[in-house]
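Student: pasted the sequence and its predicted model underneath.
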Amino acid sequence: MQFLKWQTVKRSILYIGSIWLISQSVWAQSDENATLKLSPVLLRQIETAQPDDKVKVIVELKRKASRPYRPEELLSPRAMARRMKMVRSGALPSVITPEDLPFDETDLKILTASGLRIRHVLKWLGAVSGEIRVGDLVQLALQSAVKSVNELALRKKAKHETHRTQLETPTEVLTSEVNHLTNAIDYGQSLPQLALSNIPEVHGLGITGRGVLIANFDAGFSNLSHEAFRSLRVVAQYDFVANQSQLGAHPHGAATMGVIAGNQPGRLIGAAFGADYALARTEDARTETPVEEDNWAAAAQWADSLGADIITSSLGYTEFDPPFPPYTWQQMDGKTAISTRAAARAARVGIVVVNSAGNGGMIALPANTLGAPADADTLISVGAVTSSGARAPFSSVGPTADGRIKPDVMAMGAAVFTVGTSTPSSYATANGTSFSCPITAGVAALLLSANPTLTPVQVRNILRETASNSAAPNREIGWGIVNARAALERARQVSATASVSAPPKTFELYQNYPNPFNPVTQIRYRLPVRSKVRLEVFDMLGRRITTLVEARQEAGEYQTRFNAENLPSGIYLLRLQAGGFSDTKKMLLVK
């Protein structure tokens, strides 16, 4: 009898032990599944940080809400009208697409219950951003709706553009007699920055940006009571740093607004002073609270919902606070950075996105000094020139990591005249691509005011094709200085279905430049469709010297370089193969 009782107890112990082992195995598998969803940086945080430490994350979700939505449930009438332009052009399959659909509310509640304090819902990116305890990261990753959890890097403060307050007494502003005789508007000291791009000629035709809604993303907007803003029409505003409707203040935003929207004859005239504006604070300029890149993406969704026609953004993202690694130049590829992806989506739904190229200056090839989102393909990235038209030394250079020419165009970005912040009638000068950007965005507004059917790619191509260096675009100045008057004439000749909105119709391998060369030459080619590309160099005996490109690339124009410093003088053959296309050019190396 005792033996039978012991056998029963033994079986019970074995059963309980088995259940414990199975449960431990299940938990181990669950933890393993969770770790597969967490980024390496977050896994290190779990090992090294305290459980109560907070970390900012971006959580990618597996699904959206399952119920159908009507466009009017998600977009304003103005936004729907702008998107219809893209549908008619063939760039967008329908007014709303899966990227626009909200997330399932149940999934969002589960994320909150798992410890995530949601910051922004980034439906375009299929993600939400927020803050969570390090100790709750595994629990968050275990949720079935979660696809991945990545760190949300904190941006370091970049080198600030310089501002120098001057002309505290506005009567000291010079208004020459020539200015009065040649322009219907007295531009005061803002004339050089606009005249360089032939903007006064377009204003003289009565085109000032009326009917266009421009969203300006910046670090805050000081001194909006300035005399140059008396006629400013702000239709919406939001602070994405503080998540409130009241805007934070910062002189940088006031300065960029003065360049594009100022309207004080005899003192300051903006490039598109007749437009309407939506103001978004997306950067926290306080050094103790670095900005998160998700603010930019959230603001882009907001601008879209309002029906904005243009985003002007004098911001850039490259370096981040430890332990988060910086974006490398190889990641300026048009598809990696959060803001880059959001900018590309904004352009796809019909918003002309104009962004400063950055103030990183020159660097040797193949690297670039761009800051996201300036690397986005359909975005217009803007470099800076001086009043004489020479490239400003601080202006960032391309190309992108995937070989596209950036910046796209240039405008004056040195000693740009704009509003000050000390008094409602003070003025200042400023340096940086932050100020060439709103000039170019203003030109885009003039084009849309004259022809509202233009798509973002059309606007970009028109600005490129009519700029000062359109015959030989390069990594330093792109297609050159924008020419508002020439662009206007081109814009009046096209519609939303015109060929300017489409990718190139033919493959083309351009002649290298310079040619003859020693020892480096630039090579350009274009693709009408996504293609498998092979670009090679051969000697005259048919021996392959090098393969410059071997990749699958999207439709567009590309640039690379060939360095022949270790080769003897002579003729070399450059061959491009893409799809069924093949072409060869001769290159002459002279040492």
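Tutor: Yep, that arrived.
Student: contacts and neighbour counts: CA atoms only from here.
Tutor: Will do.
Student: you'd agree residue 486 is in a strand?
Tutor: No. Using DSSP: H, G, I helix; E, B strand; the rest coil, the assignment for residue 486 is helix, not a strand.
Student: show the pLDDT at it.
Tutor: Here, the pLDDT recorded for residue 486 equals 95.
Student: residue contacts, it?
Tutor: Applying Cα atoms under 8 Å, 6 or more residues apart in numbering, one finds that residue 486 lies in contact with residue 466.
Student: distance of it from residue 345?
Tutor: Separation of residue 486 from residue 345 (Cα to Cα, to the nearest Å): 28 Å.
Student: also residue 443?
Tutor: Distance from residue 443 to residue 345, by Cα to Cα: 22 Å.
Student: for these two, indicate the residue with more neighbours.
Tutor: Using other Cα atoms under 10 Å as the criterion, residue 443 and residue 345 rank with residue 443 on top: 29 against 22.
Student: can you name the residues bridging to the closest residue to residue 391 other than its chain neighbours?
Tutor: Of all residues not flanking residue 391 in the chain, residue 385 sits nearest, at 4.2 Å (Cα to Cα, 6 or more residues apart in numbering). Beta bridges link residue 385 to residue 391, residue 412, judged by DSSP bridges.
Student: separation between residue 385 and residue 552?
Tutor: Remark: distance between residue 385 and residue 552 (Cα to Cα) = 34 Å.
Student: show me the contacts for residue 248.
Tutor: Contacts of residue 248 (Cα under 8 Å, 6+ apart): 219, 220, 221, 222, 239, 281.
Student: out of those, which is nearest to residue 77?
Tutor: Distance to residue 77 across the contacts of residue 248 (Cα to Cα) is lowest for residue 239, with 23.3 Å.
Student: tell me the pLDDT at the residue nearest in space to the middle of the chain?
Tutor: Taking Cα atoms, centre = their mean, the centroid of the chain lies closest to residue 373, which sits 2.5 Å from it. pLDDT for residue 373: 95.
Student: how about it: what's its closest non-neighbour residue?
Tutor: Among residues not flanking residue 373 along the chain, residue 340 sits closest, at 4.0 Å (Cα to Cα, 6+ apart).
Student: could you check the pLDDT of that neighbour?
Tutor: Residue 340 is given a pLDDT of 95.
Student: just residue 561 next, same as before
Tutor: For residue 561, pLDDT reads 85.
Student: helices and strands around the helix or strand encompassing it, which ones?
Tutor: Taking DSSP states H and E as the definition, one finds residue 561 inside strand 556-563. With contacts taken as 3 or more Cα pairs under 8 Å, 6 or more residues apart in numbering; DSSP states H and E, strand 556-563 sits against strand 520-527, strand 544-553.
Student: restricting to C-alpha, output it in CSV.
Tutor: C-alpha atoms of strand 556-563 as CSV (Å, rounded to 0.1, in the frame of the first residue of the first chain):
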residue,chain,number,x,y,z
GLY,A,556,15.6,58.6,-62.6
GLU,A,557,18.9,60.3,-63.2
TYR,A,558,22.1,59.0,-61.6
GLN,A,559,25.7,60.2,-61.3
THR,A,560,28.9,58.4,-60.3
ARG,A,561,32.6,59.0,-60.9
PHE,A,562,35.5,57.1,-62.4
ASN,A,563,39.0,57.5,-60.8
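Student: am I right that residue 303 is in a helix?
Tutor: Yes. Applying three-state DSSP, one finds residue 303 inside a helix.
Student: give me the neighbour count for it.
Tutor: 27.
Student: which ones are touching it?
Tutor: 215, 278, 311.
Student: how far away is it from residue 215?
Tutor: Following Cα to Cα, the distance that separates residue 303 from residue 215 is 6 Å.
Student: quickly list what's touching both of the two.
Tutor: When contacts are counted by Cα under 8 Å, 6+ apart, residue 303 and residue 215 have 278, 311 as shared neighbours.
Student: so where's the stretch 101-250 of the chain shaky on pLDDT?
Tutor: Flagging of the stretch 101-250 of the chain using pLDDT under 70 yields the residue ranges 153-183.
Student: helices of that one, start to end?
Tutor: 105-113, 137-141, 177-182, 191-195, 199-203 (DSSP state H, counting those that start in this stretch).
Student: of the ones you listed, which is nearest residue 361?
Tutor: helix 191-195 (20.8 Å).
Student: check the offset of the closest one from the chain's centre.
Tutor: Here the centre of helix 191-195 is set off from its chain's centre by 26 Å, with Cα atoms, centre = their mean, to the nearest Å.
Student: also stretch 328-339?
Tutor: Worked out by Cα atoms, centre = their mean, stretch 328-339 lies 10 Å from the chain centre.
Student: now the helices for the stretch 401-550 of the chain?
Tutor: Going by DSSP H, counting those that start in this stretch, the stretch 401-550 of the chain shows helices at 433-450, 456-465, 484-491.
Student: single out the most deeply packed of the ones you listed.
Tutor: Highest mean neighbour count of these: helix 433-450, a mean of 30 (counted as mean count of other Cα atoms under 10 Å).
Student: how about the helices of the stretch 101-250 of the chain in CSV, adding mean neighbour count and distance to residue 59?
Tutor: Shown next, in CSV, are the helices of the stretch 101-250 of the chain (neighbours: other Cα atoms under 10 Å; distance: least, Cα to Cα, whole Å):
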stretch, mean neighbour count, distance to residue 59
helix 105-113, 15, 9
helix 137-141, 22, 9
helix 177-182, 12, 56
helix 191-195, 22, 43
helix 199-203, 22, 44
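Student: out of those helices, nearest to residue 507?
Tutor: The minimum distance between residue 507 and the helices of the stretch 101-250 of the chain falls on helix 199-203, with 34.5 Å, by Cα to Cα.
Student: report how many residues lie close to residue 403.
Tutor: Applying other Cα under 10 Å, we find 19 residues neighbouring residue 403.
Student: that one touches residue 561, doesn't it?
Tutor: No. Assessed by Cα atoms under 8 Å, residue 403 is found out of contact with residue 561, at 9.6 Å.
Student: okay, residue 460 and residue 347: tell me how far apart.
Tutor: Distance from residue 460 to residue 347, counting by Cα to Cα: 11 Å.
Student: shared neighbours of those two, anything?
Tutor: Taking Cα under 8 Å, 6+ apart as the contact rule, the neighbours common to residue 460 and residue 347 are 378, 379.
Student: enumerate every residue touching residue 392.
Tutor: Here residue 392 is in contact with 384, 385, 386, 413, 414 (Cα under 8 Å, 6+ apart).
Student: and it, its phi and psi?
Tutor: Phi and psi for residue 392, reported as degrees, to the nearest 10, are phi -70, psi 130.
Student: show the pLDDT at it.
Tutor: At residue 392, pLDDT is 97.
Student: before we move on, what about the one 3 residues further on?
Tutor: Residue 395 is assigned a predicted lDDT (pLDDT) of 97.
Student: quick one, phi/psi of it?
Tutor: Backbone torsions for residue 395, taken as degrees, to the nearest 10, come to phi -70, psi 130.
Student: dump the residue contacts of it.
Tutor: Each residue near residue 395 by Cα under 8 Å, 6+ apart is listed here: 357, 358, 359, 360, 361, 362, 383, 384, 385, 432, 433.
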